[in-house]
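1. This is a predicted model, with the sequence first.
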Amino acid sequence: MTEAIGKVYLVGAGPGDVAYLTVKADNLLKQAQVLVYDALVDEQLLHCVSPNCLKLDVGKRGGKPSTPQAEINQLLVNYCQQGKQVVRLKSGDPFIFGRCTAEIEALKAADCAFEVVPGISSALAAPLLAGIPLTDPVLSRCFAVLTAHEPEALDWEALSRLETLVILMGGQHLAEIVHRLIRQGRSRLTPIAIIRWAGTVNQQIWTDQLGNILETTAGLPLSPVVIVIGEVVGLRNYLQPEKISKEQLTIAKIPSPVTMTANSQLPLNGKTILVTRAVGQSSQFCDRLTASGATVIEMPTLEIGPPSSWEALDRAIANLTTFDWLILTSTNGIDYFFDRLTAQGKDTRTLANVKIAVVGEKTAQSLKKRGLQPDFIPPNFVADSLVENFPEELSGKKVLFPRVETGGREILVKELTAKQAEVIEVAAYQSCCPSSIPQTAELALQNHAVDIITFASSKTVQFFCQLINSRFANLADVLAGICIASIGPQTSKTCHDLIGRVDVEAEEYTLDGLTQALIIWAREKRG
């Protein structure tokens, strides 16, 4: 047997949004067995890895507990020596203030294979995305990139003479930067731009003169930021896609360069959509929205896990031959049922004499991936139509219904029982509310940068409201002006109960149907 050979890839994640990830970095993430990532890495990148990839957060953030560098080095060495394919994911470019030297030295000392994969540095991308050129034939014939993490170690006399400065990690030291430059003779009238969360939907930009910027940004959070100082900042008024008034906080919805040109005709161009979903859920829906021109922010609102006890499901699996029908209403139900079937030493042959009914196109597709064809799919893709259109008499039939442990489809069980079927409900999985909101989603909601929120189940609505109420004072204020989009009637009912409205409901109760409903809504809004 050939022993697996490990390798560590030190990968640049780019400035923020997943759209700025390189093709090579994307491929490496998909193949990664271990992901070791920094705090500023876009959360959406964490969904590029396989579900079986071990994800380790070793983020370093100023003023907060962080993993010691020596411990990070040892993690990389240990997993590489175990034969793992390890991606060490760093924001921006690994070699621009990325602390790569210590990690490479540790890998070399342990004789571990490694490779450095470039990324787009925020030092270059942030000014561009803010409409600021770093060079100009007249105003900027050179620029310097520096970190203000230790401002006392820099030669401010030399720096003050350069036409353009790009400063990373300078938010906490802005006052000292301004003081040192002015003391070295830099004019108080010099234009300055501060760009926060560059390249994401939460991008914020403040511009002013060097002598006024402290007053302009007083009391505002300035991390993570890129600071640009020089006359080229003034060119922003002429080069940016949209006019933004000076001395005003700007929540910039930054499109990719393609969006600014060819994608401008796509139906959801200019719309920022918050997609609520289960942790680890497939991003196919997000891909559909992105392909239609939308900027997508993912917000996990469901955590799926095994039931509190396998006893009932195991008992049902042991007696599968006694059932007439197996009803599956979600991909989660399918995954947990069949995984447990395998764990019990059985396979799909056990279902040879059991008919299978599924609710929803996506559930049917998930079943087909298991090599099985459903015997019945209700025409309207909803559980309510399953009993109404059932293909045979239910009286006397024994039905197995693996479902979520709590809060599932009680109505379906009542209707089946009313038809004199014997329904055996078993917990196949459970769902609960995540403990926190991803920072990208929270900032977007806080800054009123979201146009649409999508819900694909009642549980996502319930847990979304629970999360928002835990972080914000007033749910209605957060959702004011945002389009609430639902996949179907049951989800819409929960939206009405908890939010008070639904603005868009899919005619076909699928994710494709929801996408089409949003496209129609966006076109109607444009008139």
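-> Thanks, I have the structure now. Residues are numbered from 1 along each chain as shown.

2. Tell me the pLDDT of residue 253.
-> Residue 253 is assigned 35 on the pLDDT scale.

3. what does residue 280 give?
-> At residue 280, pLDDT is 64.

4. ditto for residue 80
-> Looking at residue 80, its pLDDT stands at 96.

5. Then it would be within a helix, right?
-> Yes - according to DSSP: H, G, I helix; E, B strand; the rest coil, residue 80 belongs to a helix.

6. Counting neighbours, what do you get for it?
-> Neighbourhood size, residue 80 [other C-beta atoms under 10 Å]: 22. C-beta coordinates here come from the backbone N, C-alpha and C atoms, glycine included.

7. Distance of it relative to residue 147?
-> For residue 80, the distance to residue 147 (C-beta to C-beta, to the nearest Å) stands at 28 Å.

8. in the stretch 301-450 of the chain, which spans are helices?
-> Taking DSSP state H, counting those that start in this stretch, the helices of the stretch 301-450 of the chain run over residues 311-318, 331-343, 361-369, 384-388, 410-418, 439-446.

9. Let me have these in JSON lines, extended by distance to residue 92.
-> JSON lines is the format used below for these (distance: least, C-beta to C-beta, whole Å):
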{"stretch": "helix 311-318", "distance to residue 92": "47"}
{"stretch": "helix 331-343", "distance to residue 92": "36"}
{"stretch": "helix 361-369", "distance to residue 92": "37"}
{"stretch": "helix 384-388", "distance to residue 92": "50"}
{"stretch": "helix 410-418", "distance to residue 92": "50"}
{"stretch": "helix 439-446", "distance to residue 92": "17"}
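
10. Just give the number of residues close to the closest residue in space to residue 216 that isn't next to it in sequence.
-> Among residues not flanking residue 216 along the chain, residue 208 sits closest, at 4.6 Å (C-beta to C-beta, 6 or more residues apart in numbering). Using other C-beta under 10 Å, residue 208 has 18 other residues around it.

11. wouldn't residue 208 be in contact with residue 218 here?
-> No - the criterion here is C-beta atoms under 8 Å, and residue 208 misses it with residue 218 at 11.5 Å.

12. in the stretch 1-150 of the chain, which spans are strands?
-> 7-12, 34-37, 54-57, 85-90, 114-117, 143-147 (DSSP state E, counting those that start in this stretch).

13. no, scratch that, I was asking about the stretch 201-350 of the chain
-> Going by DSSP E, counting those that start in this stretch, the stretch 201-350 of the chain shows strands at 203-209, 225-229, 250-252, 272-278, 295-305, 325-328.

14. out of those strands, nearest to residue 402?
-> Closest to residue 402 of these is strand 325-328 (C-beta to C-beta; 6.9 Å).

15. The closest one: how far from the chain's middle?
-> Relative to its parent chain, strand 325-328 has a centroid offset of 33 Å by C-alpha atoms, centre = their mean, to the nearest Å.

16. Check stretch 205-225 too.
-> 28 Å.

17. one step back: against residue 126, how distant is the residue nearest to residue 216?
-> Distance from residue 208 to residue 126, by C-beta to C-beta: 17 Å.

18. try residue 511
-> According to C-beta to C-beta, residue 511 stands 34 Å off from residue 126.

19. Repeat that for residue 457.
-> With C-beta to C-beta as the criterion, residue 457 and residue 126 are 37 Å apart.

20. Likewise for residue 403?
-> Residue 403 sits 48 Å away from residue 126, taking C-beta to C-beta as the criterion.

21. between these two, who's got more neighbours?
-> Taking other C-beta under 10 Å, residue 403 and residue 126 do not tie; residue 126 has more neighbours (29 against 25).

22. Contacts only, for that one.
-> Contact analysis of residue 126 by C-beta atoms under 8 Å, 6 or more residues apart in numbering lists 15, 195, 198, 199, 226, 228.

23. Lowest pLDDT pick from those residues?
-> For pLDDT, the smallest value among the contacts of residue 126 belongs to residue 199: 79.

24. Might one say that that one is in contact with residue 124?
-> No - using C-beta under 8 Å, residue 199 is not in contact with residue 124, being 10.8 Å away.

25. Pick the most buried one from the strands of the stretch 1-150 of the chain.
-> Of these, the one with the most neighbours on average (mean count of other C-beta atoms under 10 Å) is strand 85-90, at a mean of 26.

26. among the strands of the stretch 1-150 of the chain, which is nearest residue 476?
-> strand 54-57 (33.6 Å).

27. Quick one: mean pLDDT for that closest one?
-> 92.

28. Give me the helices and strands touching that strand, please.
-> Helices and strands touching strand 54-57, by 3 or more C-beta pairs under 8 Å, 6 or more residues apart in numbering; DSSP states H and E, are strand 34-37.

29. packing partners for the strand it packs on?
-> With contacts defined as 3+ C-beta pairs under 8 Å, 6+ apart, the packing partners of strand 34-37 are strand 54-57, helix 69-81, strand 85-90.

30. Of those, which is nearest residue 112?
-> That would be helix 69-81 among the helices and strands packed on strand 34-37, by C-beta to C-beta, at 4.2 Å.

31. Run the angle between the closest one and strand 7-12 for me.
-> Put simply, helix 69-81 runs at 130 degrees to strand 7-12, going by axes from the mean of the first three to the mean of the last three C-alpha atoms, to 10 degrees.

32. Quick one: residues contacting residue 357.
-> Contacts of residue 357 (C-beta under 8 Å, 6+ apart): 325, 326, 327, 328, 374, 375, 376, 377, 378, 386, 390.

33. Provide a list of residues in contact with the residue nearest to the fifth one when sequence neighbours are not counted.
-> Here the nearest residue to residue 374 in space, its sequence neighbours aside, is residue 358; by C-beta to C-beta, 6+ apart that works out to 4.5 Å. For residue 358, the set of contacting residues under the criterion of C-beta under 8 Å, 6+ apart consists of 327, 328, 329, 334, 364, 367, 374, 376, 377.

34. try 7 Å
-> By C-beta atoms under 7 Å, 6 or more residues apart in numbering, the residues touching residue 358 are 328, 364, 367, 374, 377.

35. which stretches of the stretch 401-527 of the chain form strands?
-> Counting by DSSP E, counting those that start in this stretch, the stretch 401-527 of the chain has strands at residues 422-432, 452-455, 483-486, 504-505.

36. for these, which one ends up most surrounded?
-> Burial of the strands of the stretch 401-527 of the chain is given as mean neighbour count (mean count of other C-beta under 10 Å); strand 452-455 ranks first at a mean of 26.

37. Run a quick neighbour tally on residue 469.
-> Residues within reach of residue 469, counting by other C-beta under 10 Å, total 13.

38. residue furthest from the geometric center of this protein?
-> Ranked by distance from the centre of the chain (C-alpha atoms, centre = their mean), the top residue is residue 396, with 47.0 Å.

39. can you give me phi and psi for it?
-> Here is the backbone geometry of residue 396 (degrees, to the nearest 10): phi 80, psi 0.

40. any idea how far the nearest residue to it once chain neighbours are set aside lies from residue 521?
-> Spatial nearest neighbour of residue 396, chain neighbours left out: residue 420 (6.6 Å); criterion: C-beta to C-beta, 6+ apart. From residue 420 across to residue 521, the span is 43 Å (C-beta to C-beta).
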